[in-house]
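Undergrad: Next input, structure requested:
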Amino acid sequence: MSDDLKRKKSDYLLELALEEQLENDGEMQAYQSGNERPHEFSDEHNRKIKDILKRAEREENKKKYRRKRLQAPAFKELKLPCSSSDEPAKIAAYIKDKCMDIDALIEKKQTAINKREEYKKSLIYYTVTGKIDCRNEVM
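TA: Sure thing, here's the model as predicted:
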């Protein structure tokens, strides 16, 4: 069998394996039926995709190629997840809200630190000038 024919055969078998695994993946079926959000793939699905890519890489390395390949028909059938249009806005609003909370806490702590520094300076001043007698104080 010629090298070109072997390569075409292995590419075809890889495409079949990918299609079969995608057809048998419950989460992909739920996505196609519209019952599930597209970007939430299971660990099993991710493991299957990694396995397919590893097999493709092994095939490519056998042929002395250094790049991963996915044939056009399989690529055209590949379903890619997309987030809803309002999701980025919700995430941004959540992050902005949390940043405002954190900034308020930082400001509160900084105010407390400044008050303690003022108290410390005034205590040192009154002690040095003799307005406070602390000779009998025990630490």
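Undergrad: so where does residue 128 fall, helix or strand?
TA: For residue 128, the host element (DSSP states H and E) is helix 87-129.
Undergrad: Give me the mean pLDDT for that helix.
TA: The average pLDDT within helix 87-129 is 93.
Undergrad: And it, how far out from the chain middle?
TA: Remark: helix 87-129 is offset 30 Å from the chain centroid, using CA atoms, centre = their mean, to the nearest Å.
Undergrad: and that helix, what other elements does it pack with?
TA: If you count contacts as 3 or more CB pairs under 8 Å, 6 or more residues apart in numbering; DSSP states H and E, helix 87-129 packs onto no helix or strand. C-beta here means a position set from N, CA and C on the backbone, and glycine is covered the same way.
Undergrad: Phi, psi for residue 83 please.
TA: When read as degrees, to the nearest 10, the backbone of residue 83 gives phi -80, psi 160.
Undergrad: before we move on, what about residue 80?
TA: Dihedral pair for residue 80: phi -110, psi 140, per degrees, to the nearest 10.
Undergrad: Could you check how far it is from residue 7?
TA: Distance of residue 80 to residue 7, computed by CB to CB, to the nearest Å: 27 Å.
Undergrad: Next: residue 19.
TA: Distance from residue 19 to residue 7, by CB to CB: 19 Å.
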